[in-house]
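*Asks:* got a sequence here, can you build the structure:
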Amino acid sequence: QISERDVLPDEAAAQQIFQSLKGMGFRICLVQRTDALSSAATSRHLSLNHSRDLSRNLTQGLTRDLPRNVSLDSPLNLPLDYLKLALEYIHNIEYESKRRLRLKKQIAALNRQGIRVIAAQLDDILLLPILWKAGVDFAQGNCLWAPDQKINTGIPHHQVICLN
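*Replies:* Numbers count the residues shown, from 1 in each chain. Model (predicted):
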């Protein structure tokens, strides 16, 4: 899983690295970033001009503050297996039928390219049927089970039952 901000500075280097990773059996997931999430001052970002710089940053998991310029309409030309949607694509989608239809068409185009789509940070279970109808393949978030202090695995604990 890698953020598009890491890829944008040198897409050609990312292409080579991703092909190598896929050759080793890895699957690649591109995480889209919304403008709100990547709005830190662009003057602070370091330009990545060499593939070795990109390789180092990919392997170290570093991100750069770059403006978001990738959309579902024109995904990067990379060998992706998954695309994790930016929050802007699913935020308030339950209220806007035109956006749902557009998202469905865009997801269908991604699926035709062999890219599966992930919707993340879902807190509302009522969004699941809407997103599945739009073609989202996977959902992540707290909509099914919110985090708790105690880990509950669902595995039965030792219990004593008396039949008196």
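*Asks:* any weak-confidence spans in this protein?
*Replies:* 34-76, 152-164 (pLDDT under 70).
*Asks:* biggest strand in it by residues?
*Replies:* Longest among the strand segments of the chain by residue count, using DSSP state E, is strand 116-122.
*Asks:* which of the residues in that one are classified as buried?
*Replies:* 116-119, 122 (16 or more other Cβ atoms under 10 Å). Heads up, the C-betas are built off the backbone N, CA and C, glycines and all.
*Asks:* okay if I get these as TSV plus distance to residue 93?
*Replies:* Output for those, formatted as TSV (distance: Cβ to Cβ, whole Å):
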residue	distance to residue 93
116	19
117	13
118	15
119	9
122	11
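*Asks:* just to revisit the earlier point, give me the contact list for the longest strand of the chain.
*Replies:* Residues from elsewhere that reach strand 116-122 (Cβ atoms under 8 Å, 6 or more residues apart in numbering): 29, 31, 81-85, 87, 89-90, 107, 110-111, 127-128, 131, 135-143.
*Asks:* buried members of those residues into PyMOL, please.
*Replies:* Buried residues among the contacts of strand 116-122 (16+ other Cβ under 10 Å), as a PyMOL selection:
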select buried, resi 29+31+82+83+84+85+89+90+107+110+127+128+131+135+136+137+139+141+143
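*Asks:* quick one: which of the contacts of strand 116-122 sit in helices?
*Replies:* 107, 110-111, 127-128, 131 (DSSP state H).
*Asks:* and which of those is nearest to residue 23?
*Replies:* Distance to residue 23 across the ones in helices among the contacts of strand 116-122 (Cβ to Cβ) is lowest for residue 110, with 22.4 Å.
*Asks:* now residue 137: how far from residue 5?
*Replies:* 23 Å (Cβ to Cβ, to the nearest Å).
*Asks:* check residue 85 too.
*Replies:* For residue 85, the distance to residue 5 - Cβ to Cβ - is 15 Å.
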